[in-house]
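Undergrad: could you look at this predicted model? Sequence included:
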Amino acid sequence: MDFTKLKKKFAEIYGEGEIRVFSAAGRVNLIGEHIDYNGGYVLPAALNLRCAVLARPNNTDKIRIAFTTLDERVVLDKNNLQNYKHLKYGNYQAGVAYVMQEAGFSIVGCDLLYDSTVPFGSGLSSSAAIEVSTALALATFSKESGNTAKDIGLVELAVLSQKAENRYVGVNSGIMDQFASAMGKKDHAILLDCSTLKYEYVPLNLLDYSLVIINTNKPRSLADSKYNERRAECEEALKILQKSLDIDNLCEISPQTFEANKHLLSGKIKDRAEHCVYEQDRVIKSIEALKKGDLIKFGQLLNESHKSLKELYEVTGIELDTLAETAQKTPGCIGSRMTGAGFGGCAVSLVKTQNVQDFVERVTRVYTQKIGYSPSVYNTSIADGAYEIKERNL
Ligand code: GLA
């Protein structure tokens, strides 16, 4: 929705007056999948698919929430923020307010209207975009109310947003999504070391190639429970390996050390650990390739990543496999893989710009024939992370 319409809608719901707008990004992860919670490197980028929250303090103890895409309205009492975990809508916002209050922010009652263009359940971090935009709005009002001396650091807000997701919503996600949503930079990917939160912006100079993001449109019913199961499997592998190796996480292990010690593991646990060790290696090689402008090599690494997520980590499924493997065989495409948690959601492909239209047509046709419904293609670009949109830009 455009901002004139959005402001009109906000005024209809909450009345006339000053309106602030905070925006946070959805993200695509280029490579480094399922290793953020294993202390690995990841390479996400923020997208121009975003969540905007229009906001205004309301001088009450209530946080009132409305959405442009739902009739649902939610009211949270800032003195009882622990009570809203069961909510279908508004639980992310409650979780963020709750963990921020715990961290010493003075939560200010406010009116909020959410407008998101990040497709839900797509693996493009629609929930992180809600969390981070909420955190930025609440932190800004907290600071301006004069009750909180804290300065607003986007990294801190990303960490608090992750905490809300882990401890309030109950999904044990890593830090990648919230970090990318908050800290992204236009036309750059973020190389993030998830064991230290040190990061570096990597220019995404794709020459005559483009990133194409396609959604399987598969409903993702089991994603959260399977996600938590994978985390538990990695923890089990780590515990076993720690008996012999001096390590804090799986991604510290080099491929050579893994090969020398993999007999200590067996079955699925071994497969999960093997994915993590080699995915970390692929991120390192991807950075080298990108810095040299070797996109063909980068594309091969994307393909290898998908194969490992399919065969060793088992988080793809027929929909994502059909999408990525069809893409890999389509002229002009030099690499394709699932992105995000998997089990549905999106694939990202690197495609020669002049071939994009034919590529999309072919992948859509083959996917629809095999799966029985069509995928969605997003027209996106790499954007900044979270920020307040100042009035002059509205
Ligand atoms: C989800 C999680 C992230 C990350 C990815 C897989 O998006 O929220 O923390 O683990 O899955 O790489």
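TA: In hand now; what should we look at? Numbers count the residues shown, from 1 in each chain.
Undergrad: tell me the secondary structure for Leu192?
TA: Under DSSP: H, G, I helix; E, B strand; the rest coil, the three-state class of Leu192 is strand.
Undergrad: from the ligand, how far off is it?
TA: Note on Leu192: its distance to the ligand, by CB to the nearest ligand atom, to the nearest Å, is 11 Å. Bear in mind the C-beta positions are built from the backbone N, C-alpha and C, glycine included.
Undergrad: try Thr316
TA: In terms of CB to the nearest ligand atom, Thr316 sits 12 Å off from the ligand.
Undergrad: quick one: that residue and Gly342 touch, right?
TA: Yes. Counting by CB atoms under 8 Å, Thr316 does reach Gly342; the two are 5.7 Å apart.
Undergrad: common neighbours of the two, please.
TA: Common neighbours of Thr316 and Gly342 are listed as Leu309 (criterion: CB atoms under 8 Å, 6 or more residues apart in numbering).
Undergrad: once you drop chain neighbours, what's closest to Ser299?
TA: Ser isn't right for residue 299; it's Gly. Excluding the flanking residues, the one nearest Gly299 by CB to CB, 6 or more residues apart in numbering is Gly335, at 2.8 Å.
Undergrad: okay, and the beta partners of the one you found?
TA: For Gly335, the beta-bridge partners are Leu350 (DSSP bridges).
Undergrad: now do the contacts for it.
TA: With contacts defined as CB under 8 Å, 6+ apart, Gly335 is in contact with 298-303, 328, 349-350.
Undergrad: make it 10 Å
TA: Applying CB atoms under 10 Å, 6 or more residues apart in numbering to Gly335 gives the contacts 30-31, 209, 286, 295-306, 324, 327-328, 348-351.
Undergrad: please flag which of the residues you listed sit within helices.
TA: 286, 295-306, 324, 327-328 (DSSP state H).
Undergrad: strands of this structure, residue ranges please.
TA: For the chain, the strands defined by DSSP state E cover 20-29, 41-42, 44-57, 62-67, 73-77, 110-116, 188-193, 198-203, 209-215, 333-339, 346-352, 376-378, 387-389.
Undergrad: out of those, nearest to Phe359?
TA: The closest of the strands of the chain to Phe359 is strand 346-352. By CB to CB, the value is 4.9 Å.
Undergrad: what parts of the stretch 151-300 of the chain come near the ligand?
TA: 173-174, 176-177 (CB under 6 Å from any ligand atom).
Undergrad: how about the stretch 251-394 of the chain: which residue is closest to the ligand?
TA: For the stretch 251-394 of the chain, the residue closest to the ligand is Ala341, as judged by CB to the nearest ligand atom, at 3.5 Å.
Undergrad: contacting residues around that residue?
TA: Contacts of Ala341 (CB under 10 Å, 6+ apart): 29, 33-34, 123, 125, 171, 173-174, 177, 220, 223-224, 226-227, 230, 315.
Undergrad: just Leu191 next, same as before
TA: 30, 32, 41-44, 198-202, 283-284, 286-287, 290.
Undergrad: related to what we said a few turns ago, what about the residue nearest to Gly299, distance to Glu229?
TA: 28 Å (CB to CB, to the nearest Å).
Undergrad: show me what contacts Ser116?
TA: 24, 26, 49-53, 67-69, 126-127, 129-130, 133.
Undergrad: what do you get for Val169?
TA: Contacts of Val169 (CB under 10 Å, 6+ apart): 85, 91-92, 94-96, 127, 131, 224.
Undergrad: with Asn29 instead?
TA: So Asn29 contacts 36, 42-45, 123-125, 176-177, 180, 189-190, 305, 337-341, 346, 348 (CB under 10 Å, 6+ apart).
Undergrad: buried residues in stretch 156-167?
TA: 156-166 (16 or more other CB atoms under 10 Å).
Undergrad: lowest-scoring secondary structure element of this structure by mean pLDDT?
TA: Of all helical and strand segments in the chain, the minimum by mean pLDDT, DSSP states H and E falls on helix 223-242, at a mean of 92.
Undergrad: helices or strands up against that one?
TA: Under the contact criterion of 3 or more CB pairs under 10 Å, 6 or more residues apart in numbering; DSSP states H and E, helix 223-242 touches helix 255-261, helix 267-292.
Undergrad: can you rerun that using 7 Å?
TA: Helices and strands touching helix 223-242, by 3 or more CB pairs under 7 Å, 6 or more residues apart in numbering; DSSP states H and E, are helix 267-292.
Undergrad: read off the pLDDT value for the closest residue to Phe258 other than its chain neighbours.
TA: Closest residue in space to Phe258, ignoring its immediate chain neighbours: Val277 at 4.4 Å, by CB to CB, 6+ apart. pLDDT recorded at Val277 is 98.
Undergrad: same question, the one 10 residues further on
TA: At Ile287, the pLDDT value in this model is 98.
Undergrad: in space, what's closest to it - neighbours in sequence excluded?
TA: Leu191 (6.0 Å).
Undergrad: ok, what's across the strand from that neighbour?
TA: Under the criterion used here (DSSP bridges), Leu191 is bridged to Glu200.
Undergrad: quick check: pLDDT value at it.
TA: Note for Leu191: predicted pLDDT of 98.
Undergrad: tell me how far it lies from Gln162.
TA: Distance from Leu191 to Gln162, by CB to CB: 18 Å.
Undergrad: low-confidence ranges, this protein, go.
TA: The model of the chain has pLDDT under 70 over residues 147-150, 221-223, 391-394.
Undergrad: switch to 80 and redo it
TA: 1, 147-152, 220-225, 391-394 (pLDDT under 80).
Undergrad: how many neighbours does Glu102 have?
TA: 13 (other CB atoms under 10 Å).
Undergrad: report the separation between it and Asp77.
TA: Distance from Glu102 to Asp77, by CB to CB: 16 Å.
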